[in-house]
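This is a predicted model, with the sequence first.
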Amino acid sequence: MSPRLLSFHHTIKALILFGFAGYIAYLVHSDRILLYIAPRMVDYVKWSALALYAVAVYQGYQAVRTFRSTHEPDCDCGHDHTPSRSILKNTVVYGLFLLPLLLGFLLPDTSLGSSLAAKKGMNLSSASAVKKESEPPEAGLSSSNAAAPGADNPPPAQPPAKGASGSLDALFPSDKFTKQYADFAKKLYASDQITVQEEWFIETLTSVDLYLDAFIGKKMQLTGFVYRQEDMKDNQFVIGRFSIQCCSADAAPFGVLAEYDRAKTFAADTWVTVTGTLEKTKFNDVEIMVLKVEKVAKAEPAKTPYVYPNMNFGA
């Protein structure tokens, strides 16, 4: 292969690598990188961009060096490292890299919403995974005051008397799988209103769901996008958020079922802040929490639209 043709291949490789590095830099600078990966992964991606820049510079150096050469380079290893002479093969190989790069620049950056939530299935019982490992007894209920079978909304658990020894422990029983949730639930229980903060979104919903009987009658406020599905009643919708562990590929939708007389006035994917009273209901034969909405306010989409597991939870 002639030096000029080989230099052309090095140039294409350098441009592709510069393109990927530049795209990552653009996403980081605009904060749109958070639409694709969790914050804890951003530093790793930044380092990868630097590595891409370094390799791109080397390919550019090779392009100039080969272009100025008067003979074909030979590494004396006994192998042929020159690219294929087939135009079709080269087009396919370089196209595999150029296509995603072009799509990244040309397509708009948008957050995940109702359409993907419908495909993945909205999780309305945040504690379901924890319950599989440990099924705690119904918080705050004994055999004498347990709700009658078939009752959708048992009466609120009575608050423990001040200074009563072990009263909170009885209300929030735990084992090695649920202790961190029980401790967090005790803190939530002491508040007049449970405000679901972004940094504790999943942990808050899981703790409340795990000890739902203790929180019936409590006020809750949370912000998220509106989601609804066909089998919901006209007065029902979900306030949802996507939880991400690493990147958008592992995104999972979590939310709280809400009931509101004017629920149909809110379009899907509209961001709202709702305040209401927690109760219990059944949806698709699963016992879940339901928020009887008293106040709704339109909200601006969060700068970081996703929520993430808090690594300090239980520490």
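Yep, that arrived. Residues are numbered from 1 along each chain as shown.

and the helix or strand harbouring Leu291, how far from the chain's centre?
Assigned by DSSP states H and E, Leu291 belongs to strand 286-298. With C-alpha atoms, centre = their mean, to the nearest Å as the basis, strand 286-298 stands 21 Å off its chain's centre.

what does stretch 199-219 give?
Centroid separation for stretch 199-219 versus its chain: 19 Å, with C-alpha atoms, centre = their mean.

How about stretch 30-47?
On C-alpha atoms, centre = their mean, the centre of stretch 30-47 falls 13 Å from that of its chain.

Straight-line length of stretch 173-180, end to end?
11 Å (C-alpha to C-alpha, to the nearest Å).

Contacts for the strand holding Leu291, please.
124-125, 208-209, 212, 215, 220, 239, 256-260, 262, 266, 270-283 (C-beta atoms under 8 Å, 6 or more residues apart in numbering). Quick note: C-beta positions are derived from backbone N, CA and C, even for glycine.

what helices or strands is the helix or strand following that strand leaning on?
Once the chain leaves strand 286-298, the next helix or strand it forms, by DSSP H and E, is strand 306-307. If you count contacts as 3 or more C-beta pairs under 8 Å, 6 or more residues apart in numbering; DSSP states H and E, strand 306-307 packs onto strand 236-243.

Parallel or antiparallel, which strands does the strand it packs on pair with?
Here strand 236-243 has these sheet partners by DSSP bridges: strand 219-227 (antiparallel), strand 252-259 (antiparallel), strand 306-307 (parallel).

Of those strands, give the one that comes closest to Ala51.
Smallest distance to Ala51 across the strands paired with strand 236-243 (C-beta to C-beta): 26.2 Å, for strand 306-307.

got a list of what Phe215 touches?
Taking C-beta under 8 Å, 6+ apart, one finds Ala157, Ala185, Leu188, Tyr189, Ile194, Val208, Leu278, Met289 in contact with Phe215.

Per-residue pLDDT of the fourth one, please?
Spelled out, that is Tyr189. On the pLDDT scale, Tyr189 is placed at 93.

Could you find the closest non-adjacent residue to Thr304?
Among residues not flanking Thr304 along the chain, Leu34 sits closest, at 5.1 Å (C-beta to C-beta, 6 or more residues apart in numbering).

pretty sure the one you found contacts Tyr308?
No. The criterion here is C-beta atoms under 8 Å, and Leu34 misses it with Tyr308 at 10.0 Å.

which one of those two has more residues nearby?
Leu34 (22 against 19; other C-beta atoms under 10 Å).

now Lys295, which residues is it bridged with?
Beta-bridge pairing of Lys295 under DSSP bridges involves Thr275.

Quickly note the distance from it to Gln197.
18 Å (C-beta to C-beta, to the nearest Å).

and the two? which has more neighbours close in?
Gln197 (14 against 10).

Now the nearest residue to the more buried one once chain neighbours are set aside. Its backbone dihedrals?
In this structure, Gln197 finds its nearest non-sequential neighbour in Thr204, 7.2 Å apart by C-beta to C-beta, 6+ apart. Here is the backbone geometry of Thr204 (degrees, to the nearest 10): phi -70, psi -50.

Isn't Thr204 up against Tyr189?
No. The pair Thr204 and Tyr189 fails to qualify as a contact (C-beta under 8 Å) at a distance of 11.8 Å.

ok, of the contacts of Phe215, which one's closest to Ile244?
Val208 (21.0 Å).

quick one, what contacts the closest one?
Ala185, Leu188, Ile194, Phe215, Met220, Leu278, Met289.

how about a cut-off of 10 Å?
The neighbours of Val208, taking C-beta atoms under 10 Å, 6 or more residues apart in numbering as the test, are 126-127, 181, 184-185, 188-189, 194, 196, 214-215, 218, 220, 256, 278, 289.

likewise Ala54?
Contacts of Ala54 by C-beta under 10 Å, 6+ apart are Leu17, Ala21.

just checking, it is part of a helix?
Yes. Assigned with DSSP: H, G, I helix; E, B strand; the rest coil, Ala54 falls within a helix.

any idea how far it is from Gly255?
For Ala54 relative to Gly255 (C-beta to C-beta), the value is 43 Å.

for His10, same thing?
51 Å.

before we move on, what SS does Gln180 have?
The assignment at Gln180 comes out as helix when based on three-state DSSP.

Need the nearest residue in space to it, chain neighbours excluded.
Distances taken as C-beta to C-beta, 6+ apart put Gly314 closest to Gln180, at 3.2 Å, once the chain neighbours are dropped.

so the one you found makes contact with Thr206?
No. Look at Gly314 against Thr206 with C-beta atoms under 10 Å: they stay out of range, at 11.4 Å.

Which helix or strand in the protein has the lowest average pLDDT?
helix 128-133 (a mean of 72; mean pLDDT, DSSP states H and E).
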